[in-house]
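> pasting a predicted model and its sequence here:
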Amino acid sequence: DTAVSQTPKYLVTQMGNDKSIKCEQNLGHDTMYWYKQDSKKFLKIMFSYNNKELIINETVPNRFSPKSPDKAHLNLHINSLELGDSAVYFCASSQDASSGNTIYFGEGSWLTVV
Amino acid sequence: GNSVTQMEGPVTLSEEAFLTINCTYTATGYPSLFWYVQYPGEGLQLLLKATKADDKGSNKGFEATYRKETTSFHLEKGSVQVSDSAVYFCALSAVHSGGGADGLTFGKGTHLIIQP
């Protein structure tokens, strides 16, 4: 069973479109995250939710909107997609927001904007 | 703010060679330190971690020791294999002023290539 699963794995779309990436974890964790990995492999946190409440909101365009319907799900919606949004987006989760906890990652969603 | 600096590579070694990937960090307070590995086309997997000074994390023959005095967490392996070829990320997690963690701050990754 996959611990952190995200869909779709690959997404090719045109500029200006709106798209969503879904994420679910079956680990019973309280905290979930979205990370972005750019073409140079650099990873940066975008958002974090703890028990459905937003706790980290980095400097991300407001075209990106996370939604957490329950603590097992954290979806990422992106409006008006731009070429620069092309990246790999990783969902992740941890037991809670403590600093020593292992963060478990999904397999990534490869987004290509054309 | 928090930051992690690691050698970017690519690092190319022959099979059975000794590996060191350097990692140093800047953080307020006492962060937890991690090494993650990313195999081609896959997500990130935790390789090892250490949550306090002088702790040693180890897994699959890899080791790293949390050195507070040098703010370092260098990754080592005595004898690498072709299957170790991947991108390795050093990361830290620190507590912010509100009491919760800031999530992971990553280094830029080190691409390791092991040749037979």
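Yes, it's here. Bear in mind that the values here come from a model prediction, so they are computed numbers and not experimental data. Numbering: from 1, shown residues only, chains lettered A, B, ... in the order given.
> can you report how many residues lie near residue 62?
Just going to use chain A. 6 (other C-beta atoms under 10 Å in any protein chain shown). Every residue, glycine included, has its C-beta placed from N, CA and C.
> hmm, I had chain B in mind actually
Neighbour tally, B:Phe62, other C-beta under 10 Å: 20.
> give me the phi and psi for the nearest residue to it once chain neighbours are set aside.
Spatial nearest neighbour of B:Phe62, excluding adjacent residues (C-beta to C-beta, 6 or more residues apart in numbering or on different chains): B:Lys77 at 4.9 Å. For B:Lys77, the backbone dihedrals are phi -150, psi 140 (criterion: degrees, to the nearest 10).
> wait, isn't B:Lys77 in contact with B:Glu16?
No: at 10.4 Å, B:Lys77 and B:Glu16 do not qualify as touching, with contact defined as C-beta atoms under 8 Å.
> point me to the helix or strand that includes the spatially most central residue of chain A.
The structure's chain A has its C-alpha centroid closest to A:Trp34; by C-alpha atoms, centre = their mean the separation is 3.0 Å. Per DSSP states H and E: A:Trp34 is located in strand A:31-37.
> after the lowest-mean-pLDDT helix or strand in chain B comes which helix or strand?
Across the helices and strands of chain B, mean pLDDT, DSSP states H and E gives its lowest value to strand B:101-106, namely a mean of 82. Next helix or strand after strand B:101-106 toward the C-terminus (DSSP H and E): strand B:110-115.
> partners of that next one in the sheet?
Partner strands for strand B:110-115, per DSSP bridges, with pairing direction: strand B:11-14 (parallel), strand B:86-95 (antiparallel).
> ok, back up a step: how near is the residue nearest to the centre of chain A to A:Ile55?
Distance, A:Trp34 to A:Ile55, by C-beta to C-beta, to the nearest Å: 12 Å.
> overlap in contacts, those two.
A:Ser48 (C-beta atoms under 8 Å, 6 or more residues apart in numbering or on different chains).
> one step back: which one of the strands paired with strand B:110-115 has the lowest average pLDDT?
Set side by side, those give their lowest mean pLDDT on strand B:86-95, at a mean of 92.
> how about the CA coordinates for that strand, as CSV?
This file holds the C-alpha atoms of strand B:86-95, laid out as CSV (Å, rounded to 0.1, in the frame of the first residue of the first chain):
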residue,chain,number,x,y,z
ALA,B,86,21.1,8.8,-7.2
VAL,B,87,20.7,12.4,-6.1
TYR,B,88,21.4,12.9,-2.4
PHE,B,89,19.8,15.8,-0.5
CYS,B,90,20.9,17.1,2.9
ALA,B,91,18.1,18.8,4.8
LEU,B,92,17.2,20.4,8.1
SER,B,93,14.0,21.0,10.1
ALA,B,94,14.0,23.7,12.7
VAL,B,95,11.4,25.0,15.1
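> between it and strand A:31-37, how many degrees?
130 degrees (axes from the mean of the first three to the mean of the last three C-alpha atoms, to 10 degrees).
> for A:Gly100, what are phi and psi?
According to degrees, to the nearest 10, A:Gly100 has phi -90, psi 0.
> any idea how far B:Tyr30 is from it?
10 Å.
> ok, B:Val82 next?
According to C-beta to C-beta, B:Val82 stands 37 Å off from B:Tyr30.
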